[in-house]
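Asks: Make a model of this:
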Amino acid sequence: MTSKKKSKRIKEYEWRYVSLTLRGKNLDPVKMTQILGVNPNKWVMRGEPLGSNNKKKCKQGLWILESGPPTWRFETKLKKILNKIEPIKHRLRKLIEENNDIQRAYLDIAVMPPEDCLIAGYSFRADLLNEFTSLGIDVELSIHVLADFKKYFIKGKRNVIKNCKNFEKERND
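Replies: Numbering: from 1, shown residues only. As a prediction, this is how the structure comes out:
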């Protein structure tokens, strides 16, 4: 018995993430929230445990404003964050420029292309990115790849070349 599934715009392991992050060794996220008047989705005080591992402590304070579900388009995510900071743009710019507790302000854009995708292209509207960069916010892009690295990248350069050739052969078959 066969069943037909509707095609999805986003595949099972594919995801997109966008957040606005303020970080710094002495950054107090509670103080940042009070100054900005916007509640972050996540925040961490310096010295707090990282995740479930109570041994590792966060080395800096973090204030993170996220954009929405991993299936949303990048443009939608960027607009969502811009809408959240629109009323406080001038205050945020001044804070980034003058507050020594903020060592870094950046827009974190991360993506995991579908598993079977060898080349993935993403474009970002210049006017949207300019809204962030004009406030002194950097843009950081990371691409996360889901692959069977043991199959293609085994110890040693010779095996990498051999496995890349095998990979190309498999892809063309």
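Asks: in the protein, which ranges drop under the pLDDT threshold?
Replies: 1-13, 53, 146-173 (pLDDT under 70).
Asks: how about the helices in it?
Replies: For the chain, applying DSSP state H gives helices covering 29-36, 74-85, 89-98, 126-133, 149-152, 157-172.
Asks: quick one: Tyr106 and Ser142 touch, right?
Replies: No - using C-beta atoms under 8 Å as the test, Tyr106 is too far from Ser142 to be in contact (11.2 Å). For the C-beta atoms, the positions are set from N, CA and C on the backbone; glycine is no exception.
Asks: between these two, who's got more neighbours?
Replies: Tyr106 (16 against 10; other C-beta atoms under 10 Å).
Asks: beta partners of the more buried one?
Replies: Thr21, Asp138 (DSSP bridges).
Asks: How about the contacts made by it?
Replies: Counting by C-beta atoms under 8 Å, 6 or more residues apart in numbering, Tyr106 makes contact with Leu20, Thr21, Ile137, Asp138, Val139, Glu140.
Asks: hmm, 7 Å instead?
Replies: Tyr106 sits next to Thr21, Ile137, Asp138, Val139, Glu140 when contact means C-beta atoms under 7 Å, 6 or more residues apart in numbering.
Asks: With Lys42 instead?
Replies: Taking C-beta under 7 Å, 6+ apart, one finds Ile64, Glu66 in contact with Lys42.
Asks: mind running it again at 8 Å?
Replies: Residues near Lys42 by C-beta under 8 Å, 6+ apart: Leu62, Ile64, Glu66.
Asks: Filter those down to the buried ones, ChimeraX style.
Replies: Per 16 or more other C-beta atoms under 10 Å, the buried members of the contacts of Lys42 correspond to this ChimeraX selection:
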select :62,64,66
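Asks: Turn the contacts of Lys42 into CSV, columns for distance to Asn54.
Replies: Formatted as CSV, the contacts of Lys42 follow (distance: C-beta to C-beta, whole Å):
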residue, distance to Asn54
Leu62, 18
Ile64, 21
Glu66, 24
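Asks: which one of the contacts of Lys42 is nearest Ile88?
Replies: Ile64 (15.6 Å; C-beta to C-beta).
Asks: State the distance from that closest one to Asp116.
Replies: 31 Å (C-beta to C-beta, to the nearest Å).
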